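**Student:** Provided below for reference: sequence and predicted model.
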Amino acid sequence: MKRDHDSKRLMGNPDAVLVGGGIMSATLGIMLKRLNPGMTIQIAEALPKVAQESSNAWNNAGTGHAALCELNYTPEIDGRIDIAKALSINRRFETTKHFWGWLVSQGIVATPTTFIRTCPHMSFVRGAENQAFLRKRHAAMKQSHLFETMRFSTDASQIEEWAPLLNQGRAPGEAIAATRVETGTDVNYGALTTQMIEHLVSLDGVELAVNAKVVQVRRTADGWTTKLQNGTRMVSRFLFLGAGGGALPLLQKSGIPEGKGYGGFPVSGQFLVCTNPQIVERHAAKVYGKAAVGAPPMSVPHLDSRIIDGNPSLLFGPYAGFSPKYLKTGSNLDLFKSIRPDNLGPMLAAGRDNLPLTKYLVGQCRQSHADRCNALREFFPAAEDGEWKLITAGQRVQIIKRGPTGRGMLQFGTEVVASADGTLSTVLGASPGASTAVSIILQVLEKCFPAEMESAEWKSALAEMVPAYGIDLATDREAHAALRAKAAGWLGL
């Protein structure tokens with residue numbers, strides 16, 4: 001039975017406090033209650049509803065990131081395509097799908113079509129040089145059974161069959177190339193997160209407080225004291241900062257040594273959206289291209305088929321922008337308040353060493369609607385400006401940290417930070433975070449509950465929830481095939 005929740009639904013001394021009502025807190029909460037049913041958990045969400053920031057369907061691309069189409073995961077180094085990152089990301093997404101399948105099998109999520117559907121993943125490039133790159137990438141990836149179903153073509157008629165809009169209005173004879181994997185996915189992370197948290201709060205010992213903004217965290221003799229904006233305090237033995245971009249300021253306030261030196265660079269995103277059925281129905285794929293020079297990985301251009309809350313649409317983007325906010329609903333002072341003596345050096349060094357990114361962001365912020373539609377026409381040449389409108393998507397915070405040489409570095413991806421005693425943990429960074437949520441949360445459990453993770457009870461429960469845990473899917477073909485088929489059956493893929 002669903003319950004209404006407000007900032008009064010607070011436990012004074014829960015075993016665990018999860019800050020933020022997004023995909024990370026939802027995943028950790030489900031796992032903790034399965035591993036330790038007696039644990040009491042308080043979820044504190046600053047907004048009136050859960051899953052309204054990065055997990056919200058309109059604030060991300062909805063791509064089940066499996067490295068099937070994202071060219072930035074397969075760089076060319078000294079003439080060789082390096083697929084190591086692609087293998088890692090694909091393994092992690094497969095692990096996430098196994099967990100989602102288990103959720104369906106347990107009735108935690110009733111109908112998988114509410115959050116996931118099959119949507120082919122494609123890479124698309126223009127020009128002879130990029131054709132050669134994509135051909136080489138395809139050859140390298142086909143060597144792994146994780147990518148053995150990937151198809152490659154430079155034939156315009158074949159590409160048009162795969163995705164008709166890519167060729168509509170394109171000049172005859174232009175050099176183009178594409179790869180396609182039929183088993184790609186489109187994911188509504190907001191719908192999934194909402195259902196997971198609805199299940200959590202139906203369990204004994206779990207409470208959700210909305211309109212409950214955490215403003216301070218402090219270590220005390222009894223554990224971690226979490227203070228809300230309204231002055232309410234809670235004390236817990238374990239604290240998870242799953243607040244997306246809002247996690248970094250809270251990590252800094254915690255004072256743990258492991259959080260020293262971290263900074264954050266906020267990047268906002270925008271998409272062009274088309275809902276015209278005559279156009280939308282002609283494109284049923286997620287098509288990714290090559291990133292512009294200096295662009296962060298989250299800004300790789302893509303033309304996406306989306307179904308959000310039952311409504312089909314096309315999204316193209318993202319177009320990067322700049323806002324000093326760390327959350328879409330954050331403060332314009334977020335970036336400036338996060339600057340501390342311990343991270344000022346790394347942040348200045350990262351800015352100096354990433355001038356192409358700065359130039360890229362300035363160019364993106366100065367674009368007109370016509371400029372954005374011109375970029376769209378590289379994918380869909382016949383696109384008309386009036387059929388597309390601009391929406392503001394989510395806010396992302398790229399990690400800045402002190403590198404091995406002591407200099408600051410801009411860190412892409414997602415990183416788990418935990419206190420030495422395992423009583424506090426957080427997740428920093430951006431894409432492909434949600435797609436690899438299960439592997440990320442497993443890292444949290446390993447860092448914070450090492451003894452329990454070695455117990456027979458936890459190992460048994462983990463084997464049920466995450467059957468690929470401890471298995472290298474990139475080398476174990478049989479396990480990969482069996483587990484993929486099992487998850488596909490549960491998820492209807």
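**Tutor:** Thanks, I have it.
**Student:** what does the average pLDDT come to for stretch 99-116?
**Tutor:** Mean pLDDT, computed over stretch 99-116, is 95.
**Student:** Show me the contact partners of it.
**Tutor:** With contacts defined as Cβ atoms under 8 Å, 6 or more residues apart in numbering, stretch 99-116 is touched by 27, 30, 64, 185-189, 191-192, 195-196, 199, 438, 464-466, 486-493. C-beta here means a position set from N, CA and C on the backbone, and glycine is covered the same way.
**Student:** Just the ones in strands from those residues, please.
**Tutor:** In strands, defined here by DSSP state E, the members of these are 185, 186, 187.
**Student:** what residues are up against the last one?
**Tutor:** Think residue 187. 62, 63, 64, 115, 116, 434, 435 are the contacts of residue 187 under Cβ under 8 Å, 6+ apart.
**Student:** Mind putting these into a markdown table with neighbour count and secondary structure?
**Tutor:** Shown next, in a markdown table, are the contacts of residue 187 (neighbours: other Cβ atoms under 10 Å; DSSP: H, G, I helix; E, B strand; the rest coil):
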| residue | neighbour count | secondary structure |
| --- | --- | --- |
| 62 | 25 | coil |
| 63 | 25 | strand |
| 64 | 26 | coil |
| 115 | 25 | coil |
| 116 | 24 | strand |
| 434 | 27 | helix |
| 435 | 26 | helix |
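**Student:** What is the nearest of those to residue 85?
**Tutor:** Here the nearest of those to residue 85, counting by Cβ to Cβ, is residue 435; it sits at 13.3 Å.
**Student:** what's the longest helix in the protein?
**Tutor:** The longest helix of the chain (DSSP state H) is helix 84-105.
**Student:** May I see the buried residues of that one?
**Tutor:** 86-104 (16 or more other Cβ atoms under 10 Å).
**Student:** between the strand or helix carrying residue 134 and helix 84-105, how many degrees?
**Tutor:** Per DSSP states H and E: residue 134 is located in helix 128-141. Orientation note: helix 128-141 sits at an angle of 60 degrees relative to helix 84-105 (axes from the mean of the first three to the mean of the last three Cα atoms, to 10 degrees).
**Student:** Just give me how far helix 128-141 sits from the chain centre.
**Tutor:** In terms of Cα atoms, centre = their mean, to the nearest Å, the gap separating the centre of helix 128-141 from the centre of its chain is 26 Å.
**Student:** cool, and stretch 413-431?
**Tutor:** Computed by Cα atoms, centre = their mean, the chain-centroid distance of stretch 413-431 equals 15 Å.
**Student:** Likewise for stretch 407-416?
**Tutor:** On Cα atoms, centre = their mean, the centre of stretch 407-416 falls 15 Å from that of its chain.
**Student:** Check stretch 360-377 too.
**Tutor:** Taking Cα atoms, centre = their mean, the mean C-alpha location of stretch 360-377 is offset from the chain mean by 24 Å.
**Student:** Report the buried residues of it.
**Tutor:** For stretch 360-377, burial by neighbour count (16+ other Cβ under 10 Å) applies to 360, 361, 364, 367, 372, 373, 375, 376.
**Student:** and which of those is nearest residue 401?
**Tutor:** Nearest member of the buried residues of stretch 360-377 to residue 401, counting by Cβ to Cβ, is residue 361, at 19.9 Å.
**Student:** which stretch of helix or strand covers the closest one?
**Tutor:** Going by DSSP H and E, residue 361 is in helix 355-365.
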